[in-house]
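Colleague: 3D, please:
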Amino acid sequence: MSALSSQVLEEIKELPAKYPQPRSAVMPALDLAQEELGHLTPEAMSEVAVALQLDPGYVEGVATFYSLFHLEPTGKHRFYVCTNLSCMLRGANEIVAHVKQSIGVTHAEQVSADGLFSYEEVECLGACEFAPMMRLDHKYHYDLTPERVDQLITERRAPTPLTPTLSPGGERERKPRAPRKKKADG
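Modeller: Next up is the predicted model:
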C-alpha cells in the first residue's frame with residue numbers, strides 16, 4: 001500500500017522537468033508529500049525517491065536538514081514563530097508564550113489535545129521590519145500581538161460543516177488545491 005496518493009505521486013513525477021537539475025525537485029516533492037500526510041514518513045520519503053529516481057539517502061538527508069520538514073506528527077495548524085533578533089526585540093518571546101498557553105502545550109514537540117495545533121521557534125523568516133512575525137498555514141502574519149494570535153486560533157477552531165459538500169451529481173467534492181506556480185520559460 002502506498003503512503004502517498006497516486007495524484008500526488010504523479011505531481012511529484014512531473015517536477016524534475018521544471019528544474020535545470022532533477023535533484024532540485026526534491027524539496028517541492030517533499031513539501032507535497034508532507035502537505036498530504038501532515039509529516040514525512042519513511043515510506044513517503046522512499047516513494048519520493050523512487051518517483052524522482054533519486055537515492056533514498058539523499059531524499060532523507062534533505063528531509064532531515066531543513067526545519068520545515070517534519071518526521072513526526074504535528075498539529076494540523078503549525079505556528080512557525082520567528083525568534084531571531086529583530087523579532088525577539090519586538091516581543092517574539094511573549095508571542096511564543098502566548099501561543100503555548102493558548103493552544104495548551106508546554107514544548108515545541110507537543111501537539112495540542114485536539115490535534116489542531118503545534119508550534120516551533122524558527123530562525124529568520126525574512127520580514128524583520130514587520131517583527132514579530134510567524135508563518136501559519138503557508139501564510140505569513142506580521143506585527144503580531146496576543147490579540148491577533150487569539151484571532152488566528154479562533155478562526156482555525158471554528159466548526160466546519162459536518163455534512164460533506166456534494167457536487168450536482170451527488171459525489172463528494174474534494175477541496176481544490178492551489179495551482180502550483182510554473183517556472184517562466186527563458
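Colleague: quick one: buried residues of stretch 62-78?
Modeller: Taking 16 or more other C-beta atoms under 10 Å as the neighbour-count basis, stretch 62-78 is seen to contain the buried residues 62-63, 69-70, 74-75, 77-78. Using the backbone N, CA and C atoms, a C-beta is placed for each residue, glycine as well.
Colleague: neighbouring contacts of it?
Modeller: Where contact means C-beta atoms under 8 Å, 6 or more residues apart in numbering, the residues beyond stretch 62-78 that reach it are 26-27, 30-31, 34, 38-41, 45, 80, 103, 109, 111-112, 115-120, 122, 136-137, 156.
Colleague: and stretch 145-162, how far out from the chain's middle?
Modeller: Using C-alpha atoms, centre = their mean, to the nearest Å, the mean C-alpha position of stretch 145-162 is found 18 Å from that of the whole chain.
Colleague: still on that earlier bit, return the subset of the buried residues of stretch 62-78 lying in strands.
Modeller: Cross-referencing these against strands under DSSP state E gives 77-78.
Colleague: what are the structural domain limits within this protein?
Modeller: Domain assignment of the chain by automatic domain parsing yields the ranges 6-65, 77-157.
Colleague: span of the shortest one from start to end?
Modeller: In this case it means domain 6-65. As for domain 6-65, its first-to-last residue distance stands at 26 Å under the measure C-alpha to C-alpha, to the nearest Å.
Colleague: could you pull up the mean pLDDT of that domain?
Modeller: pLDDT averaged over domain 6-65 equals 95, rounded to a whole number.
Colleague: residues contacting residue 27?
Modeller: When contacts are counted by C-beta under 8 Å, 6+ apart, residue 27 is found next to 62, 66.
Colleague: for it, grab phi and psi.
Modeller: With angles defined as degrees, to the nearest 10, residue 27 shows backbone torsions of phi -70, psi -50.
Colleague: now do the helices in the protein.
Modeller: Counting by DSSP state H, residue ranges of the helices within the chain are 6-14, 26-37, 42-52, 56-65, 85-89, 92-103, 146-157.
Colleague: any chance of these in TSV, plus distance to residue 126?
Modeller: Written out in TSV, the entries for these read as follows (distance: least, C-beta to C-beta, whole Å):
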stretch	distance to residue 126
helix 6-14	27
helix 26-37	17
helix 42-52	26
helix 56-65	19
helix 85-89	10
helix 92-103	14
helix 146-157	19
